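1. Dropping a prediction and its sequence here:
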Amino acid sequence: MPAMRELILGGARSGKSLLAERRAQESGLKVIYLATAQALDGEMARRVAHHRARRPAEWGCVEETLHLPQRLRELAAPDTCLLVDCLTLWLSNLLFAGQAASQAEAGEAIDCPLFREQTTALIDTLPQLPGHVILVSNEVGWGIVPMHPVSRLFADEQGRLNQRVAAVCDQVTLVAAGLPVTLKAPLASA
């Protein structure tokens, strides 16, 4: 099976994770779920538990909150489907682990090497990976421009990341109200 990179976008509770899980299951490959969430409060712990409970028991699960490109390189294999859920939480982790969020809060120019290095590494890594990689991300740019500087920074960077990831993926699907809409499909081989 040739390598495949797939991005699934949608809003909160749009059905994007369910679609990603279904596609991973249908791949027929060994599945490893890469979780980027940090259960820092009760509400997030409940979300993590909900996702965990609905995944098949035979799937592997690896947590990676910051160094996603490195972990993808370690785990990718021709017989494996890696499901990353989600790029949105990973991006948030990067912005708060570095100085980007505090710099935005202070009205300073953003200079965050961790953020820049990791997002660039992801874009460079994805085309090189064997197997099937499914990435889930939120589409956050359809609402109003946020009032708070950190929220504006996040919305801007999420939009930029989604564009960069979509450019290197073979397939891109938008999910709204549980319905998938294909934005980019793999090229048919001659």
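-> Ah, there it is.

2. only C-alpha atoms for contact and neighbour calcs from this point on.
-> OK.

3. Without its sequence neighbours, what residue ends up closest to the residue nearest the centre of the chain?
-> In the chain, the residue lying closest to the centroid (Cα atoms, centre = their mean) is Leu87, at 2.4 Å. Ranked by Cα to Cα, 6 or more residues apart in numbering and with sequence neighbours excluded, the top spatial neighbour of Leu87 is Ser137, at 5.0 Å.

4. which SS class is that neighbour?
-> strand (DSSP: H, G, I helix; E, B strand; the rest coil).

5. wait, the residue nearest to the centre of the chain sits on Glu139?
-> No. The criterion here is Cα atoms under 8 Å, and Leu87 misses it with Glu139 at 10.5 Å.

6. doesn't Ala57 fall inside a helix?
-> No. Ala57: not assigned to a helix; according to three-state DSSP it is coil.

7. Which residues are in contact with it?
-> By Cα atoms under 8 Å, 6 or more residues apart in numbering, the contact list for Ala57 is empty.

8. Local confidence estimate at it?
-> Looking at Ala57, its pLDDT stands at 88.

9. can you check the one 3 residues further on too?
-> Looking at Gly60, its pLDDT reads 94.

10. Could you give the number of residues near it?
-> The tally of other residues near Gly60 (other Cα atoms under 10 Å) stands at 13.

11. The one 3 residues further on too?
-> Neighbourhood size, Glu63 [other Cα under 10 Å]: 15.

12. phi, psi of it?
-> The phi/psi pair for Glu63 (degrees, to the nearest 10) reads phi -100, psi 130.

13. Without its sequence neighbours, what residue ends up closest to it?
-> Distance criterion Cα to Cα, 6+ apart; nearest residue to Glu63, sequence neighbours excluded, is Ala35 at 4.7 Å.

14. Quick check, the one you found in contact with Cys61.
-> Yes. Look at Ala35 against Cys61 with Cα under 8 Å: they come within range, at 7.2 Å.

15. When the two are compared, which one has more neighbours?
-> Shown here are Ala35 and Cys61; by other Cα under 10 Å, Ala35 has more neighbours (22 against 16).

16. Fine by me, thanks again.
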